[in-house]
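Enquirer: Give me a model of this one.
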Amino acid sequence: MLTELARRKEQRRVLVTVMLINMAMFATEFGGGVIARSSALMADSVDMLGDAFVYALSLYALHRGARWEAAAAIVKGGIILLFGIAIIAEIADKIANGVPPSSGLMLAFGGIALAANLACLALLWRFRTANVNMSSTFECSRNDVASNIGVLIAAGLVGMTGSAWPDIAVGALIAILFLRSAFRVLSEAVPAWRQARGHSPKLSE
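Expert: Below you'll find the model as predicted:
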């Protein structure tokens with residue numbers, strides 16, 4: 001029992017830390033995306049805001065049992081899905097009206113975001129298989145690292161070509177990554193929620 005309580009306490013500490021990192025990086029990266037006119041940076045920053053919410057949700061579910069943990073994972077899967085759809089809409093607007101972003105600013109802010117997300121991933125690593133709640137949280141952090149790497153690749157290609165298309169292409173890849181991840185999280189969380197629901201004690205009449 002003491003071991004379980006200690007493990008939950010450590011999970012809580014890690015979740016609070018990564019939540020604060022993501023809140024700070026959302027403000028930093030979104031501002032950089034606006035200045036740089038980068039779809040990839042803005043998409044990545046909004047994902048960080050969503051992750052901050054995801055980590056808060058994970059904290060709420062942490063001590064409330066398997067059903068709450070699975071329900072939190074379902075909400076996270078829905079958030080990831082919405083981000084994927086939102087990025088696709090932003091890309092469509094960029095194709096119609098966009099201008100090439102600043103590759104230098106993309107590199108600077110993308111590099112800062114990558115360092116922050118690698119720190120989050122390292123903190124979450126040992127809890128990645130603890131339960132469906134922590135597993136889905138780790139999935140979000142891993143998506144962020146992949147997105148950051150994509151932003152840096154796009155920045156290099158924008159700098160070489162002077163075109164907005166690398167930024168658009170990476171934004172599209174990030175959207176595909178989110179949609180795939182949403183399917184994975186939901187495919188694990190929904191059965192877990194149903195199973196936990198079936199095992200929940202019934203209220204007496």
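Enquirer: Would you check how far apart the residue minimising distance to the centre of the chain and residue 84 are?
Expert: Centroid-nearest residue in the chain: residue 140, 3.7 Å away (criterion: Cα atoms, centre = their mean). From residue 140 over to residue 84 the distance is 13 Å, taken as Cβ to Cβ, to the nearest Å. Every residue, glycine included, has its C-beta placed from N, CA and C.
Enquirer: same check, this time on residue 131
Expert: Taking Cβ to Cβ, one finds residue 131 at 24 Å from residue 84.
Enquirer: of the two, who's got more company?
Expert: residue 84 (21 against 17; other Cβ atoms under 10 Å).
Enquirer: phi, psi of the more buried one?
Expert: phi -60, psi -40 (degrees, to the nearest 10).
Enquirer: burial count for the nearest residue to it once chain neighbours are set aside?
Expert: Leaving aside its sequence neighbours, residue 84 sits nearest to residue 178 (Cβ to Cβ, 6 or more residues apart in numbering; 3.5 Å). For residue 178, the count of nearby residues is 27 (other Cβ under 10 Å).
Enquirer: Secondary structure element holding residue 178?
Expert: Assigned by DSSP states H and E, residue 178 belongs to helix 165-199.
Enquirer: Residue 101 now?
Expert: Per DSSP H and E, there is no helix or strand for residue 101.
Enquirer: Dihedrals phi and psi, the residue nearest to it when sequence neighbours are not counted?
Expert: Nearest non-adjacent residue to residue 101, counting by Cβ to Cβ, 6+ apart: residue 38, 3.7 Å away. With angles defined as degrees, to the nearest 10, residue 38 sits at phi -110, psi 120.
Enquirer: now residue 38: how far from residue 102?
Expert: Distance from residue 38 to residue 102, by Cβ to Cβ: 7 Å.
Enquirer: more neighbours, these two?
Expert: Applying other Cβ under 10 Å to residue 38 and residue 102 shows that residue 38 carries more neighbours, namely 32 against 18.
Enquirer: List the buried residues in the strand or helix carrying residue 34.
Expert: If you go by DSSP H and E, residue 34 is part of helix 2-36. For helix 2-36, a neighbour-count test (16 or more other Cβ atoms under 10 Å) marks 11, 14-15, 18-19, 21-23, 25-26, 28-30, 32-33, 36 as buried.
Enquirer: what's the closest of those residues to residue 59?
Expert: residue 15 (5.0 Å; Cβ to Cβ).
Enquirer: Model confidence score at the closest one, please.
Expert: Per-residue pLDDT puts residue 15 at 84.
Enquirer: got a list of what it touches?
Expert: Applying Cβ atoms under 8 Å, 6 or more residues apart in numbering, we find residue 15 in contact with 55, 58, 59, 62, 137.
Enquirer: residues touching residue 108, list them.
Expert: Contacts of residue 108 (Cβ under 8 Å, 6+ apart): residue 32.
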